[in-house]
Structures are given as structure tokens and as C-alpha cells.
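Q: quick one, what's the 3D model for this:
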Amino acid sequence: LLEVNTTLKGIPVKSVFTLLKERAQEKTLSLYAELSGIPVATITEVAREFTSHGKKAAIDVYRGPAKHTNGFYTVQGINTLNILIGNMDWKGGLADGGGGWDDLGGKDGQPYPLGKLHPNKTKSFGVTFSREGWRYEDSTLFDRDGYPAQRPWFPFAFNMWQDLIPSAEARYPYTVKVLWLHTATPAYSVPGSGQQLRILRDPKIIPLVISTDLVIGETSMYADYIFPDVSYLEQWASPGDVPQPATRSNPFRQPAAPPVPEVVTIDGEAMPISLEAVMLALAQRLGLPGFGKDGLGPGLDLKRPEDYYLKVAANLAFGGRSDGSNSVPDASDAEVEVFNKARGHLTAAVYDESKWQKAVGQQLWRKTVYVLNRGGRFEHFSKVYDGDRMAHRFGGTFHLYLERVAKQRDSVAGTRFDGLPRFDPPIFSNGKPVGDQDLDFQLITYKEVFATQSRTPGTYWTQVALMPENFVLMNVRDAERLGVAAGDSVRLTSGSNPNGVLDLGGGRQREMVGKVKAIQGIRPGVIAVSQSFGHWAYGARAVEVDGVMVEGDVRRGKGLQINPLLRLDEHTKTGCLSDSVGGSASFYDTRVNVVRA
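A: As a prediction, this is how the structure comes out:
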């Protein structure tokens, strides 16, 4: 039975389907229409369309629904709709991706079990500084403070960093003496980024800031030391499997261009300066076990980045069967010739065939070349489907009611989370509504298809040529009401940034001013501003390096960066709005005013 509402041994019992039905019926369709601003007829039409194709329908989800304070419950609701039509693992429905091969050598038959080769590996301990993956109630701080926690804890989240720097100022859960940043620029990309800048400028809060960066960026400009890094064309990486197409796949990045003349010599080894090179140098200088000559075992050096990454490639080549039946074929003589010719332009500090062969061993070299020549290991596209089903299936259990979430309490409010999807307005971490209804516009953000967050202002042939600056997109009717036309400059202000400025320190400010573009394709009362623009560093301004002035390029600084406007949390005062369950930073819950500049 799907619907159960009874009593067992004196205990009221309801099935999850009954609970879900009751949750959906807590509000009328008319009220849902009012809350969403979508007519009842449209809601009905979309629902009928979604349920009219059997299992050949799906709702994909990420940034738009997720990056809200209620993002977890919204995504849970969308996943529930997918489950209710039974589309998982069916052709035309929801797919889990094809997975990939283990690149760290954890399977039988793989030559380099990297997790086991490194002896006496240092393990992390204690509470993570972001408080992700930890129950507040399991900490000594709960014994000391009880509810509310000084700052939110996120037992179900991962890869969070929006509150790291503000937490350093609060010394919560402990103090920070050194901050090392890599592939992150919170001063530019985090909501409420003005607080990140203010804290970074104060050495009394974080005494030592180190950054590994390709450029002097909006965050690394405040570092005490910047280690140069390599670009994506000059670096190694094994990012893991990709979700589409739904076949087994492991792309593998390898140096394709010689580095700019920034080479470091470590223990007699010349190599490009990169994050890995710096870490290897520090490890060897500190005498840490497992690094340097024979670091991973006899004949297994760990002195150069490729000493590690080529072993990863060899693991991919051998798949994961002890009899070797899942391995790739050896590269032919012709393939090896192509491989060497394709790397003839690389310097000896990057490509040295003898050193690369030594890193994996002569017997494994040709299989490794087979993988490297193809940029990874990829299953044939014919393996996507198995009749009307996906060949690679999730095959797991879906939980319409998330019991482990429902058992956990919110670290600030002290109340239990919900096990079912629910509607909440934008809220602070203390549970109070954000409000700000006196401000005219809902601000949303998006990414241009030719730009990548903070990292593409220097791609002049795409971002600068196609769209030199971004715009404040608004509906034509709103533009007429405000008396502004295309190209007019407007200032944006918010509840957390009522003056519409970003304080860069040293008397410098960045104004939250952008140009209007009036369009029909946006809802009245909403404005949209794309990310990736409005740089105040990253080559946008002149900097002095070793006594030499490097001129900036004003093209990199054009446009508006709106993260300094985004709403701060009322409880923490310095951190941005975040989803208390999923941990996402909120990019869509800020209201703003727009006035002519």
C-alpha cells in the first residue's frame, strides 16, 4: 500500500507517500501560484507535460534551484518528481553517468596503489575549519555554548569555503595562522565579498597569507607570498569521470605547451613552477617521509609532478582486473612516434622521455602512452544504453523521506531539519526571513557561455571580443518605469551594501555601477547580472613586481561584479547567506534598489 495512516502498538504510523502527499497539499495550487508568480494554468500545463511521456522525461538540477538558502529542499523536491515518474536508469530519463576507472590504484591489477605507497601519511584530525561534515553536537563547542552556535555547522555539506575567511576573524572554531589559497579567489567570487577583503587586509587576523596563482588576482593581491602556477595548457590533472555521455570516462590533462620561463630546480631537477612543484619542494626541505628519491619505494621517486601523475595514467591504463583483461593495448611503434613528435616543442624541463618512462617503468610505458595519446581513457559511446535502459545504472535506493537529515538539528536554531521537501522563503541562519521587500528588485546571477567565473578576462578573442562588459538586464517595463534606456549607467544597492561600493583598501573603492540593457525575456521585478566581469586585479591594474612596473589592461576591469552586493547573514554578520542543510552559498536571495548613476 502506498497510502498508510494507522496505529501500530499504540504508535501513530504513516507511510512516506502519505507524508509526501500531505506536504504537497499543505498549500492550495492557487497559493503555490501566488508564491511562485506562475499562473495556475501554467503549473497545470507543465505538470501534465512532464507526466505524459512515461519514463522519458527528466528534470536536471544545479545552480539555479540550488544556490538559495532553501536550495537543499528545492533540489529534494525536484528529485522527488523524478522518482515519482520512475525515470531513473531509463533511456530518456535521469542518468547517473557512466563512472570511470580508479586512477589511484585501489583495484587489483593496477600497478601503483598510490594510497598505500606513501608511508606514514599525515592524516587530518579534528573539526574541519568550514565545519562541514561535522555535527555541532559532537564538538566541545556545543558543550560550551549550546544553541545557538556562534556560526552555522554543516553536517551534510562538502567543499565549502565561503565562510573560511570570516570564521578566521571570529576565531571559530579556532584561530588561523597561515592561509594557503589555490584555485580560489573568495575576494572576488564569494557573496558578500567585501567582508573577505576587509579581513584579508588585516594581518592581525591571518598573519600569513600564501597564494599559488597564475596571476596577481583579486585575492592573491593581498597575499604575503605568491607562488607562480602554470596554466591549464601547462599542467597535469586527473579530474575523474564526467557525467555525460553516460559511459565510463577519465579525461587526463597533461602539459601541451612549454611554460613561460619560470622554472625551479629542486634537488637537481628542473621543472616548471607549479603548485605541485612547490609542495614537493617544501616536503623535501622538511624531510617528510615518502618524498624525494625512492620516496614511494625503491626506484619510485617522488621528486617531480610527473612522478605522481604518470603513475595515475598507468593505473587508468590497467583498469582494475588482476588478470589484466581490462587493460588498454600497448601503443604501437607508430603511436610512440606520434607521441614523441607531438611533444617535440616542449622543453626538457617539461618532457624528458627517459624521466617519463622511469616514472612508470619500461614495461608499463606503452600502455601509458596509449592513454596519454588519447587524452585519457574513454569507453565507446555504444555502451551508453542497454535497450531502453541505461547501461550504467544507479541501481541504488532512493529515499523520499531523508531520515538522517530529519534526525539532525540546525546548529543555530536548535530545531530539527525536515525529512521532506518544503517551501521556505529566503532565511538567515537563525531562521528569520531575509525580507527586504522594500527594495525594488530581485537580483539573480548567471554565467555567460564563453566565460568561466573569475578566470577568463584575459581571453580577448572570446570574452573581450564578444562582450567587452556585462550589463544590468531588466525588463523593458521596469526600464520605462525607472526612466532609463539602454546604455544608461545605474547604481545597485542592497541591504548589506546600502552605498553600493566595494572598499578595496588604501582609499580605493569600486562602485557597484553598470550599464542597463532592457529586454523582454526577463520577469518584471527581476534584474540579472552575469559573473566573470568587473575585475579590479587579474591584470586590470598596474602592479610592481621586483621593481618593474607591469602595466594593466583596462579591458579586464570593465563591467560590474555584483558579489559585494549579495546579502550577509544576520546571525554571523560577516558570512554570506547559505543553505543550512546543503551548505550552498546563496547567489539568488538578495533584493536591490536600482537608481540612475
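Q: pull the helix or strand with minimum mean pLDDT from the protein.
A: The least trusted helix or strand in the chain, going by mean pLDDT, DSSP states H and E, turns out to be strand 263-266, with a mean of 82.
Q: point out the other helices and strands that it packs with.
A: Strand 263-266 sits against strand 269-272, helix 275-285, with contacts defined as 3 or more Cβ pairs under 8 Å, 6 or more residues apart in numbering; DSSP states H and E. Where C-beta positions appear, they are placed from N, C-alpha and C, glycine not excepted.
Q: ranking these by burial, who's on top?
A: Mean neighbour count (mean count of other Cβ atoms under 10 Å) peaks for strand 269-272 among the helices and strands packed on strand 263-266, with a mean of 20.
Q: what's it in contact with?
A: Strand 269-272 is contacted by residues 230, 234, 255, 259, 262-265, 277, 303-305, 348-350 when judged by Cβ atoms under 8 Å, 6 or more residues apart in numbering.
Q: buried among those? Need that as a selection in ChimeraX.
A: To isolate the buried ones among the contacts of strand 269-272 in ChimeraX, judged by 16 or more other Cβ atoms under 10 Å, type:
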select :230,234,255,259,264,277,303,304,305,349,350
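Q: nearest to residue 217, of the contacts of strand 269-272?
A: Checking the contacts of strand 269-272 against residue 217 by Cβ to Cβ gives residue 230 as the nearest, at 15.1 Å.
Q: show me what contacts the residue lying closest to that closest one once chain neighbours are set aside?
A: Nearest residue to residue 230, sequence neighbours excluded (Cβ to Cβ, 6 or more residues apart in numbering): residue 274, at 4.6 Å. Going by Cβ under 8 Å, 6+ apart, residue 274 touches 212, 229-230, 234-235, 305.
Q: for residue 274, give its distance to residue 98.
A: Applying Cβ to Cβ, to the nearest Å, the value for residue 274 to residue 98 is 30 Å.
Q: check residue 156 too.
A: Per Cβ to Cβ, residue 156 is found 26 Å from residue 98.
Q: the two: which has the busier surroundings?
A: Neighbour count, other Cβ atoms under 10 Å: between residue 156 and residue 98, residue 98 has more, with 21 against 18.
Q: so that one is in which element?
A: Counting by DSSP states H and E, no helix or strand carries residue 98.
Q: burial count for the residue lying closest to residue 426 once chain neighbours are set aside?
A: Excluding its sequence neighbours, the residue lying closest to residue 426 (Cβ to Cβ, 6+ apart) is residue 589, at 3.7 Å. Residues near residue 589, counting by other Cβ under 10 Å, number 25.
Q: residue 589 and residue 567 touch, don't they?
A: Yes: shown here, residue 589 and residue 567 form a contact pair, counting by Cβ atoms under 8 Å, at 6.3 Å.
Q: next, show the common contact partners of those two.
A: The contact lists of residue 589 and residue 567 share 426, 434, 577, where a contact means Cβ under 8 Å, 6+ apart.
Q: inside helices: which ones of these?
A: Cross-referencing those against helices under DSSP state H gives no overlap.
Q: averaged pLDDT, stretch 448-459. What do you get?
A: The average pLDDT within stretch 448-459 is 81.
Q: span of that stretch from start to end?
A: Taking Cα to Cα, to the nearest Å, stretch 448-459 runs 13 Å from one end to the other.
Q: likewise stretch 154-161?
A: Stretch 154-161 has an end-to-end distance of 12 Å (criterion: Cα to Cα).
Q: which residues touch it?
A: Stretch 154-161 is contacted by residues 72, 130-136, 184, 186, 190, 405, 408, 578, 580-584 when judged by Cβ under 8 Å, 6+ apart.
Q: those in helices, which ones?
A: Residues of the contacts of stretch 154-161 located in helices (DSSP H): 72, 186, 405.
Q: re earlier: list the strands paired with the least confident helix or strand of the chain, with their directions.
A: Paired with strand 263-266 in the same sheet, following DSSP bridges, are strand 269-272 (antiparallel).
Q: just the CA trace of the strand it pairs with, in PDB.
A: Output of strand 269-272 as PDB, limited to C-alpha atoms (Å, rounded to 0.1, in the frame of the first residue of the first chain):
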ATOM      1  CA  GLU A 269      65.500  18.500 -11.100                       C
ATOM      2  CA  ALA A 270      64.500  21.400 -13.300                       C
ATOM      3  CA  MET A 271      60.700  21.700 -13.700                       C
ATOM      4  CA  PRO A 272      58.000  24.400 -14.200                       C
END
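Q: for the closest residue to residue 335 other than its chain neighbours, give its distance to residue 536.
A: What sits nearest to residue 335 in space, not counting adjacent residues and going by Cβ to Cβ, 6+ apart, is residue 373, at 5.8 Å. According to Cβ to Cβ, residue 373 and residue 536 sit 42 Å apart.
Q: who has more neighbours, those two?
A: Per other Cβ under 10 Å, whichever of residue 373 and residue 536 has more neighbours is residue 536, with 21 against 14.
Q: what sits opposite the residue nearest to the more buried one when sequence neighbours are not counted in the beta ladder?
A: Take residue 536 and drop its neighbours on the chain: the residue closest to it by Cβ to Cβ, 6+ apart is residue 510, 5.3 Å away. Beta-bridge partners for residue 510, by DSSP bridges, are residue 502.
Q: distance check, residue 510 against residue 188.
A: For residue 510, the distance to residue 188 (Cβ to Cβ) stands at 11 Å.
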